[in-house]
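Give me coordinates for this.
(2 chains)
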Amino acid sequence: MDLRLPSKVLEHIFSFVDSNEDRNSVSLVCKSWFETERLTRKRVFVRNCYAVTPAAVARRFPGMRSLTLKGKPHFADYNLVPDGWGGYAWPWIEAMAEKSPSLEELRLKRMVVTDECLEKIAASFKDFKVLVLTSCEGFSTDGLAAIAVACRNLTELELRECIVEDLGGDWLSYFPETLTSLVSLDFSCLDSEVKLSDLERLVSRSPNLKSLKLNRAVSLDALGSLLRLAPQLVELGTGSFSDKLDQEAVSKLAQVFTELKELKSLSGLWDVLPEYIPLLYSVCPGLTSLNLSYATVQMPDLVELLSRCSNLQKLWVMDLIEDKGLEAVASSCKELRELRVFPSGADVDETNVAMTEQGLVSVSEACPNLESVLYFCAQFTNAALATIAKTRPNLKCFRLCVIEPFAPDHKTHQPLDEGFKAIVESCKDLQRLSVSGLLTDKAFEYIGTHGKKLRMLSIAFAGDSDLMLHHLLSGCESLNKLEIRDCPFGDTALLENAAKLETMRSLWMSSCGVSFGACKLMSEKMPKLNVEVIDEHTPETRPDSSAVEKIYIYRTLAGPRLDMPEFVWTIHKNPEIGVSHLAIE
Amino acid sequence: MEICNSYSSSSVDSTNPSPSEYSVNLSLSLTFPSTSPQRARKQDWPPIKPRLRDTLKGRRRLLQRDYDTCLFVKVYMEGVPIGRKLDLSTFSGYESLLENLSHMFNTSIICGNHRDRKHHVLTYQDTDGDWMMVGDIPWEMFLETVRRLKITKPERC
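Numbers count the residues shown, from 1 in each chain, chains lettered A, B, ... in the order given. Below you'll find the predicted structure:
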């Protein structure tokens, strides 16, 4: 008796399976499920662009409508990955143009995107709707013009923290008069001024516009006229908020803000002057997300502002908020889920001393839904970590950056081992952790023992020896991404736990003590991994015993990559050293 | 290969070493230089994204300027013998400068990029004594080199 469900029925059932994690499980059940699933998957996520070839992805998912790709390792955000390392979008765009011309959405993170890429997108995907580029680089405003002019059904164009060669603001003028479908536009990372009249016309003819994030060059006056045209906005990123306006203009602007009844998210506010903060009071009660990381608002003004934001769920702010300001957040923002506090000075010696561990403790004690924290602070204590752990066992993401490397508990002068132990013991669902301050191997023993759900771990200036790495690789069962810098371990732990790396997406180590010889050995032992040695001093000429600068190891089905620059070495460059792995699937 | 453990005891001191010093302290294998010129130049600690780092640095420069010098410069309009004086430190950027000047001189003034017959163009004299078009360089850099401003008739550029 044939017990297989007809594929039409399977298709219908699978149409209710949204998450790709579930879809991946579905595709492992049997061949016919695999087939049906792959033919019906619309949204594809490739979290490491070198883990698989574009051709393989296009072949497997012919119905793909949306592709999300990530390129460089996370530490590239902090200048640790040299320019030219890789992460090129071109091979993907070229392959999709040929095999998946119905592609509608492309989301790229930390990739090199050129003007040619953007022109290719504009020319190849007839129904292209969504382009979101996060932390990308390599293109100019000319490429944006190509997208603007050709994508007739564009709904989203978002440039989040990209590095763009800015040739002027003309690109915006290329959106045709016929384009009325825009839902989201984010050009906050560009420097040049766009023509206000073109922007106004674009906004006027976009009735579905929900999210608008302007760049710094858009003046306060211009903001007023734009908001009058788009009172339906749900997300707003203002331009510069510091121009001097006369009294009449200010009251007009205040009026405009009161009309923004749907506004939930506010950002931008570059260099906002204290006298303009009251303009925002009318939107505060409705806000769920507030990003003040570019706003130099001092503590008293922040308190005034935040005490009105009773529905706030996400707050990004600078340490100008100080402990007192965070106390105000604790008492007013009971719905808070995510808190990020950034340093207000670019260097180690510029941290704001009026913000200490107490600020975070106040928020942890008072905000029951707090689950995600990124906190830059001059120093911390074990007691504070223990309190945070006790009051917030529901934490999912805890990233503490004690800015002074090796800083011990500033009250007891002990390492912060016990504090982080409390965190991993108590927060059973913790998925992401960044540790800092003075830490010995013990801290990592605790993390290895208790961090069973931990998927991503970031470590800097910590540990004593190989044991540290050994604890992590042998203990953290769910570990997916591990990034380490300036920690002293050598080859032993890495080689002993080599098999673990096939269960992880990637491992980054820089300024650690791993030798070139160990890298070669790893490469030979583990053919399913790409072991990349990144070293400005031509890696292959160094002796086996010398420590390499940076290592990036990731699992891959695609074999060696063909776009490696000079300063990246893999064993495939010197096949005589070991087994040659030049087979490409 | 010997792993140097001395860094963990030597690091707990009260001064704040700069990032380049760490690479010397953590030099675990001495067969290659651990302080390459690039490490000293490139800022990779604290771990904040480039845009935030640049913004903070720019802000610091401006704050320092508030304490040190005034930024009063002379402004002349071509054809008008009497000039004005303006404190550039009160402006956030080119946009607000132009708006203010346009009000002050009751005419429309623009930067060099969008020239046409109708608008006056703003130019400045830099520390070298040369007359340049306003708007080409980042604002912070402009504040450092500007000595005086001139609003010129369109044909002149």
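
okay, now A:Pro176: neighbour count?
Neighbourhood size, A:Pro176 [other C-beta atoms under 10 Å in any protein chain shown]: 12. C-beta: built from backbone N, CA, C; applies to glycine.

Correct me if wrong: A:Val81 contacts A:Pro73.
Yes: counting by C-beta atoms under 8 Å, A:Val81 does reach A:Pro73; the two are 6.2 Å apart.

Dig out what the residue in chain A that chain B sits nearest to forms beta bridges with.
Nearest to chain B in chain A, going by C-beta to the nearest C-beta, is A:Ala547, at a distance of 3.5 Å. In this entry, A:Ala547 is beta-bridged to A:Ser515, by DSSP bridges.

Sticking with A:Ile459, tell me its helix or strand.
Here A:Ile459, judged by DSSP states H and E, is contained in strand A:456-460.

Now do that strand: which elements does it pack against?
Strand A:456-460 is packed against strand A:432-435, strand A:481-485, with contacts defined by 3 or more C-beta pairs under 8 Å, 6 or more residues apart in numbering or on different chains; DSSP states H and E.

In a markdown table, list the ones you listed along with mean pLDDT.
Converted to a markdown table, the helices and strands packed on strand A:456-460 look like this (pLDDT from 0 to 100):
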| stretch | mean pLDDT |
| --- | --- |
| strand A:432-435 | 98 |
| strand A:481-485 | 96 |
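
on that earlier part again, any idea of the mean pLDDT in the strand holding A:Ile459?
Strand A:456-460 shows a mean pLDDT of 97.

CA atoms of that strand as PDB?
Output of strand A:456-460 as PDB, limited to C-alpha atoms (Å, rounded to 0.1, in the frame of the first residue of the first chain):
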ATOM      1  CA  MET A 456      27.300  32.700  19.900                       C
ATOM      2  CA  LEU A 457      30.200  33.700  22.100                       C
ATOM      3  CA  SER A 458      32.600  36.600  21.800                       C
ATOM      4  CA  ILE A 459      35.700  36.900  23.900                       C
ATOM      5  CA  ALA A 460      38.500  39.400  24.100                       C
END
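
Okay, angle between it and strand A:481-485 too, please.
Per axes from the mean of the first three to the mean of the last three C-alpha atoms, to 10 degrees, the angle that strand A:456-460 makes with strand A:481-485 is 0 degrees.

Can you list the buried residues in the next helix or strand after strand A:456-460?
For strand A:456-460, the following helix or strand on the C-terminal side (DSSP H and E) is helix A:466-475. Judged by neighbour count (16 or more other C-beta atoms under 10 Å in any protein chain shown), helix A:466-475 contains these buried residues: A:Asp466, A:Leu467, A:Met468, A:Leu469, A:His470, A:His471, A:Leu472, A:Leu473, A:Gly475.

burial count for the nearest residue to A:Tyr554 once chain neighbours are set aside?
Nearest residue to A:Tyr554, sequence neighbours excluded (C-beta to C-beta, 6 or more residues apart in numbering or on different chains): A:Ser506, at 4.0 Å. A:Ser506: 23 surrounding residues under other C-beta under 10 Å.

From the buried residues of helix A:466-475, list the ones also adjacent to chain B.
Filtering the buried residues of helix A:466-475 for neighbours of chain B using C-beta under 8 Å from any C-beta of the partner chain leaves A:Asp466.

Including pLDDT, could the buried residues of helix A:466-475 go into a markdown table?
A markdown table is the format used below for these (pLDDT from 0 to 100):
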| residue | pLDDT |
| --- | --- |
| A:Asp466 | 90 |
| A:Leu467 | 92 |
| A:Met468 | 92 |
| A:Leu469 | 94 |
| A:His470 | 94 |
| A:His471 | 95 |
| A:Leu472 | 96 |
| A:Leu473 | 95 |
| A:Gly475 | 95 |
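
Run through the helices of chain B in chain order.
For chain B, applying DSSP state H gives helices covering B:6-10, B:19-25, B:37-41, B:50-68, B:94-105, B:139-145.

Show the pLDDT at B:Arg147.
B:Arg147 is given a pLDDT of 86.

check contacts around the closest residue to it other than its chain neighbours.
Using C-beta to C-beta, 6+ apart and skipping residues adjacent in sequence, the residue nearest B:Arg147 is B:Gln125, 4.9 Å away. B:Gln125 makes contacts with B:Trp131, B:Met132, B:Val146, B:Arg147, B:Arg148, B:Leu149, B:Lys150, as judged by C-beta atoms under 8 Å, 6 or more residues apart in numbering or on different chains.

which residues touch the closest residue to B:Gly135 other than its chain neighbours?
Excluding the flanking residues, the one nearest B:Gly135 by C-beta to C-beta, 6+ apart is B:Cys111, at 3.2 Å. With contact set as C-beta under 8 Å, 6+ apart, B:Cys111 has these partners: B:Tyr94, B:Leu98, B:Val121, B:Leu122, B:Met133, B:Val134, B:Gly135.

Where does the prediction get shaky in chain B?
Scanning chain B for pLDDT under 70 picks out B:1-42, B:62-70, B:112-117, B:155-157.

The same query, at a cut-off of 90, please.
B:1-45, B:50-74, B:76-122, B:126-148, B:151-157 (pLDDT under 90).

near chain B, which residues of the stretch 251-400 of chain A?
A:270-271, A:293-294, A:296, A:342-350, A:376.

excluding its backbone neighbours, what's nearest residue 53?
The chain I'm using is chain A. A:Ala558 (4.7 Å).

um, chain B though
A:Ala346 (5.1 Å).

count of neighbours near the one you found?
For A:Ala346, the number of neighbouring residues by other C-beta under 10 Å comes to 18.

Just confirm it is within a strand.
No: secondary structure of A:Ala346 (DSSP: H, G, I helix; E, B strand; the rest coil): coil, not part of a strand.

before we move on, what SS does A:Ser310 have?
Once three-state DSSP is applied, A:Ser310 turns out coil.

Could you check the pLDDT of it?
97.

what's the answer for A:Glu445, then?
pLDDT, A:Glu445: 96.

Going along the chain, name the strands of the stretch 401-550 of chain A.
Taking DSSP state E, counting those that start in this stretch to define them, one finds strands in the stretch 401-550 of chain A at A:432-435, A:456-460, A:481-485, A:506-510, A:529-534, A:550-555.

Before I go, just wanted to say thanks for your time.
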